[in-house]
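> Pasting a predicted model and its sequence here:
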Amino acid sequence: MPKTENGHTEKYWLNVKVVSSFLLTNQEFLECKRGKHLARVVMDELGCEERMAMTYIAEARKEIKLLYTKNVDKKIRKALRDREDQIRSLKLQLADAKKPAEKARFFQLLQTAYKDRDEILGLYEKKEKTPGEANLNLNIDYSKLNSRQLQRLAAGEDIRAVLVDTDNGNPNDSTDKSQS
């Protein structure tokens, strides 16, 4: 088979395109680190060896990365223009709204558009929870805490650290193990 200008055959690039489209339609494979499982799927689909499947996967990931990073500035400018156009349109609709419910709805949409624009500009930090971080929605009875724990909370220490701490600082507790 004749080679293309970059040294690979057209069949090679066709297989890379097949793997790329497979990765884009199955996002869990795109983000996973389990190369062996993905390689088996590619091997079954294309009828190739494991080493060639890994090569196709690596090349497909490079192409996908290039697809996402190509013309990023242009895409950001377009997104900003879209948000500004949306803001301008919502301002006009807000001014024309007669009923308070309509005004409230357009105002809320306007706030969302402003926030989207500011996120694109990078003015907000995205707060992502780590998988191990649990939501702490507790009703805490502060009357059960001792004065030391309350002082630690007043000093700004994390509530979880205060509640977990077994040293509650009770001065009446004189269980010194060295005296036994």
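Now that the structure is in, tell me what you want to look at. Remember, it's a predicted structure, so these values are computed and weren't measured experimentally. Numbering: from 1, shown residues only.
> From now on I want contacts and neighbour counts done on CA atoms only, so please keep to that.
Fine.
> Which of the helices or strands spans residue 91?
helix 72-96 (DSSP states H and E).
> can you pull the buried residues of that helix?
79-80, 83, 87, 90-91, 93-94 (16 or more other C-alpha atoms under 10 Å).
> Check which helices and strands it sits against.
For helix 72-96, the contact count by 3 or more C-alpha pairs under 8 Å, 6 or more residues apart in numbering; DSSP states H and E identifies helix 100-121 as packing neighbours.
> Show me the contact partners of the helix it packs on.
Residues outside helix 100-121 that contact it (C-alpha atoms under 8 Å, 6 or more residues apart in numbering) are 76, 79-80, 83-84, 86-87, 90-91, 93-94, 97, 124-125.
> May I see the buried residues of the worst-scoring helix or strand of the chain on mean pLDDT?
When the helices and strands of the chain are compared on mean pLDDT, DSSP states H and E, helix 27-31 comes out lowest with a mean of 74. Going by neighbour count (16+ other C-alpha under 10 Å), the buried part of helix 27-31 is residue 30.
> what's near enough to touch the nearest residue to residue 54 once chain neighbours are set aside?
Nearest residue to residue 54, sequence neighbours excluded (C-alpha to C-alpha, 6 or more residues apart in numbering): residue 39, at 5.9 Å. Going by C-alpha under 8 Å, 6+ apart, residue 39 touches 50, 53-54, 57.
> where's residue 39 relative to residue 65, distance?
Separation of residue 39 from residue 65 (C-alpha to C-alpha, to the nearest Å): 19 Å.
> repeat for residue 142
52 Å.
> same question, residue 117
Counting by C-alpha to C-alpha, the gap from residue 117 to residue 65 is 24 Å.
> so where's the protein shaky on pLDDT?
1-7, 33-34, 125-138, 166-180 (pLDDT under 70).
> Kindly state the domain boundaries assigned to it.
Domains of the chain are assigned by automatic domain parsing as 10-69, 72-121.
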